[in-house]
Structures are given as C-alpha cells and as structure tokens.
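>>> Below are the sequence and a predicted model for it; my questions follow.
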Amino acid sequence: MRTQTTDKPVISLGATAGPVQRRLSMPMRYAMNALLVLAFLLVGNLLVDGGVITRYQTTVLEQVGIYIIMAVSLNVATGYLGQLPLGHAGFMSVGGYACAIFLMRLEPVFGVGARDFVTGSPAALALLVLALLFGGAVAAVCGIIIGVPALRLKGDYLAIITLGFAEIIRVVMQNVDAVLGFELTGGAKGLTGIPSYTNFVNTFAVVAVSLFVIHALMKSRHGRAILAIRDNEVAAEASGVNVTYYKTLAFVASAFFAGVGGGLYAGCVGVMAPAKFGFMKSIEILVMVVLGGMGSMIGSVLSATVLTILPEALRAFSDYRMVAYAVVLILVMIFRPQGLLGSYDFSLSRWVENALNGRLPWKDAPVAADPGDHDAKEANVHA
Amino acid sequence: MAQILSVKDLHVSYGAIKAVRGISFDINEGEIVSLIGANGAGKSTTLDTIAGLNRPEGGSISFKGEDIVGTRPHKIVERGLALCPEGRRVFTQMSVGENLAMGGYTRTDEENREQVERVYARFPRLKERVAQSAGTLSGGEQQMLAMGRALMSRPDLLMLDEPSMGLAPILVEEIFDIIKELNEQGTTILLVEQNASMALSIARRGYVLETGTISKTGTGAELLHDDDVRKAYLGG
C-alpha cells in the first residue's frame, strides 16, 4: 500500500517521537473511504433489489438515513458549537414542505411524472437534487432569521427562541393556505400526493454527502474556530475568531442539513402534516445526539440508527416508547454523562495507519499519547 | 517616541454599575505600562474594552493613530493588539499545539510556522507538551500557553491581564522575567496586576486605578516609592 511521510504540518500537534510513523496520503485516505462507502451502497442496493430486504425494511432503512442526517446536523449546533437549539423539527418541517412543494410544482416544467422517480430518469434526478437543495436553502434562511438575533444572546435564550420557532412553523404550515387564499401546504390535513422520490440509493447518497461535508467543515480552519467557541468563547474572541459569524455559520449549516433531511422525509412518507413536527420530534432528535455523545459524529450515526430501528422492532409496545426514552436518557446521564461514545470519532484511515505501524487491536497496543487523540494530529491552520 | 495606544475619557458600565469612570492614559512604543489597583477598580474592564469585548459608554481609544471603539474584537487582533485574558482561559479541550494554532488564527501558515518556533524558544515547556490536552497543564504552564497563544498573533501591543494570578512565587518571577524579555525584544506591553510591587518594578510607567478612576500616575520607580501607593498596595 502506498504510504508517505506526512506533509510538513503547520504546527506539529502530535509528538512524533519514536520510530518513523507511516502515514497515509490524503488521496489514499479519500480513496479508501470512498471505496468503503461504495461497498456499503452496492451491497445494500443488491439486498434491496434482490428482495432480501423487504419493502417495509427498506422504508425503515430510509428513515434511518433521514434521522442520521437529522442527528448529525443537530450535532453541529449542539455538540460542536455547544448551543442548545430545541427546534430542529421546525427546520425539518420547513425543508420538507419546501422540497415537496418545489418538486410538485416544477414536475410539469421538467416534464417529469411520479413514475420517473422510480425509474430514475436524468430529469427526475436533476429535479430531485434541486428540490432537496431548495429545501435545505429555505431551512437555512430560517436558520439565519432565527440565529442572527438569538445567537447574540447568552444562556438559554437560543433554546427558548428555537422552541418557539418550531411551534410557529407548525402553526404557519397549518394556516398559511387560508391567508394566501390558495392551496400551498394543505393546512391541517397535510400535503398529500408527494411522489415517493426517496429510495435507498438516493438516501444513502445524501447521507454520505452530508456526512462528508460536515466532516470536512469540522476538520477545516472554520471547524477549529467553531470548536474554540465551544471551549471558551472569550478566548476564541481574543484569538481573533469572528464569534458571531462562526456561531451563525454552524447554526445555519445545521439548519440546512435538517432541511435536506426533511426533504427526504417528505418523499419517504408521502404526506407532510404539521402535527408530525411537534416539540417531541425535536426532542427525539436531541436524544439521539445526547445519547451518542455530543460532538461525536459516529455516536450520532449509531444512536440515530438504533433509536429509529428500536421503536419499529418494538411496535407492539410503541406506547411506551417515550417512557423508554426518558429512562434511557436518565440512565445515560447518570452513567455516561458525556454520551455513549463521548467525543470519540471513528476514522478508517487511523485504523489502517495504526495497523501499518504495527498497532493492532488484538495486540497489546503501546499506550496512546493522548486519550482524546483525534484523526490527523496536524493542524492545517489554513485548510 | 510614538504613541501606540491612547485612551481618552473612557467610560464603561455594566447595566447600572459604572465600572470605569473617565480614565485617560497612553502607551508609547516599546514601553511596559502597568495598571495597578484593588479588586473591582476597573482594571480588567479597561483591558476588555480596549480589546473590543466590551462596548464603552463614552470616550475614545486609539491604537496606532486609528480609533478602534466599536471595532469587532477579531479585527482588533488583526491590527496587532492582543489580549491575554484574565484566568488564562486556555482551550482546555484542545492540545497545546491546537491552542497555539488558534492563537495564530488571523495569520497565514507561513507566518505561523515561523512564529511557533519563536514561541517554543521562549516557552520550551510548551514544545515538550505539544500533544497534551491544555486542561491537564499546571497553572504556570497554562499561563505560559495563554501568553504563547497571544504571541502567535504577532501583536505590536500585548495586554496581559493578571498573569501572576494563582501562581507560586517562583513561577511569578519566571513569568515576569519573560514579560521583561518580550519587551526587550520589541513588544510593547500593557500589564494589569494586583501584584503591584512586581508590576511596578518592571514597568517604565504606571497608573493607579481606584474605583474606576486614575488616582495616581508616574514612572514605575516613583510609584514604587510613593507613600500612598506603598500603604495601599505594597503593605506599608
């Protein structure tokens, strides 16, 4: 396997004492991760197409993907930025409605019918991508409108304002038709007839792209600024970080991906109804983040997966789901206050590097330099 | 000597509480100037306001001849004015190296590569602990890290807020030696301290702050031997 000594980092952040460490080159890392993602996609698609995974199970898988996007996007605002927004379902709702309405109105323009989403014609694909981006953009605009005033305040105001925002969205979606005088959202009965444009492959693709973009953002100089704000706002400000800008950036990014997730949700469920996006939905997403570990991407992914599949598996007892949530949260807060995975993040490249350097999980590993050891320990200050 | 910072009739309030009531002072290039005073005299408020973290109610602050009142903190750092805040405030969840990288946030890679070597030369212990999480450093090491971080932005004027706070006497001397050396190498320093004797002994000039106003000013040596100052701050 091709390896190289790493490019000279700007400021060496890891002690490189001892024998020369073999590092993977950046293209190698990207290629490896891309291969893994492709493998997952192909195997998953084969199982779905071959009927090994039933239609019902496929729908659950799509929902898993959607909630992964929701949890990971909320994690940007909660885990990385250190704020506590309580209205993530509001952004999901806005994005979902915007995406579905955009898509349904523009179907004739693109000459696309509901069936084309199943067969996957190029025009349908283009329309879908545009609609998802539109959903994300509308949610992001809402994020700016809420975030700019709320993020200037300290303390619990953001939680209160976002909580109020989600409720306002719910009421607006219910009543906007009466105000406008024509049918847009379908009011309380909901928006129906949304083509089922969400399938396993495009959900998987959107999840992969979202995770990559968020990961890349957090590893960049911008991500470091966001983490610095969480760690110590005054020090970040004194170090020259534009705190207002980066708080808004993280919050808006969080809203954008929630909007994209909402867009997929609309296509998966086929009906958008305001009542689905109440306060409890926001809390469910927050539970996923807290349970997985604030600031851990893999934690959000795993707990979103488990917490989406579990209620399906326990359908018979679904009335007790919220009780179970409460119990689980309390137990986690008592025994693992930092979340199940803390701030640990999975890195395929690190595993491979460790293996190349003779540190294998089944061998007695030499004591790691730092328990909080993250991915590449070099800071590309200007990435 | 050219003036680098000039504060005129500065007023700062926290709600109804007036923390700073019309103070004026200036700093020339290459000086060490100390602001001394008791708890609550308004020393830290003054520094925070100069750094842009507080908004003054009135008065002017000019840095290198330009008015910086209302300029955002990150822009002030870019202009060459760095604050090493009270209580050190290192990024506890980041490594020492990452802290220094944050300090050079407004600078280019090339500049940081050079500057970090200078910081390591000044604080060799930081180099030894580059991968260690900053929260696990001792108080003295955290103070060195906070100063190193502030130096990463290559300030023309470095403001130090209570660098000796909570440190063992031997470390206090080490920190003050470093401050003196930094100054000898060309960094102008504004020092805020409760440890008045140390602060005045290395300062060219000093100002005494009392409940938001300047009650006395003079050279470091004059204040050190001033009867009132001795009684109030130096234990007779």
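Okay, I see it.
>>> Would you check how far apart residue B:103 and residue B:96 are?
Taking C-beta to C-beta, to the nearest Å as the measure, residue B:103 falls 11 Å from residue B:96. Bear in mind the C-beta positions are built from the backbone N, C-alpha and C, glycine included.
>>> Compare the two and say which is more crowded by neighbours.
Taking other C-beta atoms under 10 Å in any protein chain shown, residue B:103 and residue B:96 do not tie; residue B:103 has more neighbours (33 against 30).
>>> Show me the shaky parts of the chain.
Since you didn't name a chain, this refers to chain A. For chain A, the stretches with pLDDT under 70 are A:1-21, A:155, A:360-383.
>>> hmm, I had chain B in mind actually
B:1, B:236.
>>> ranges for the strands of it?
Here chain B has its strands, by DSSP state E, at B:3-14, B:17-28, B:32-37, B:58-63, B:66-67, B:81-84, B:157-161, B:188-193, B:205-210, B:213-219.
>>> So for residue B:135, which of those strands sits nearest?
strand B:81-84 (17.7 Å; C-beta to C-beta).
>>> can you tell if that closest one touches chain A?
Yes. Using C-beta under 8 Å from any C-beta of the partner chain, strand B:81-84 comes into contact with chain A via B:82-84.
>>> Against chain A, how distant is the closest residue to residue B:189 other than its chain neighbours?
Nearest non-adjacent residue to residue B:189, counting by C-beta to C-beta, 6 or more residues apart in numbering or on different chains: residue B:32, 4.6 Å away. Per C-beta to the nearest C-beta, to the nearest Å, residue B:32 is found 20 Å from chain A.
>>> And for residue B:32, the neighbour number?
With other C-beta under 10 Å as criterion, residue B:32 counts 24.
>>> check contacts around it.
B:179-180, B:183, B:188-189, B:191, B:202-204, B:220 (C-beta atoms under 8 Å, 6 or more residues apart in numbering or on different chains).
>>> try 10 Å
For residue B:32, the contact set (C-beta atoms under 10 Å, 6 or more residues apart in numbering or on different chains) comprises B:158, B:160, B:179-180, B:182-184, B:187-191, B:199, B:202-206, B:220.
>>> next one: residue A:109
With C-beta under 10 Å, 6+ apart, residue A:109 has these contacts: A:123, A:127.
>>> In three-state terms, how would it be classified?
helix (DSSP: H, G, I helix; E, B strand; the rest coil).
>>> so what's residue A:343 closest to, chain neighbours aside?
residue A:295 (4.5 Å).
>>> which of the residues of strand B:81-84 next to chain A are buried?
Buried by 16 or more other C-beta atoms under 10 Å in any protein chain shown: B:82-84, out of the residues of strand B:81-84 next to chain A.
>>> Just give me the closest of those residues to chain A.
Nearest to chain A among these: residue B:83, at 4.7 Å, using C-beta to the nearest C-beta.
>>> if you count residues, which helix in chain B comes out on top?
Counting residues, the longest helix found in chain B (DSSP state H) is helix B:169-184.
>>> hmm, back to that, deepest-packed of the strands of chain B, please.
Most buried of the strands of chain B, by mean neighbour count (mean count of other C-beta atoms under 10 Å in any protein chain shown): strand B:81-84, with a mean of 28.
>>> Could you check how far residue B:222 is from residue A:239?
Distance, residue B:222 to residue A:239, by C-beta to C-beta: 36 Å.
>>> and those two? which has more neighbours close in?
residue A:239 (29 against 14).
>>> Show me how chain B divides into domains.
B:3-80+B:156-233, B:92-154 (automatic domain parsing).
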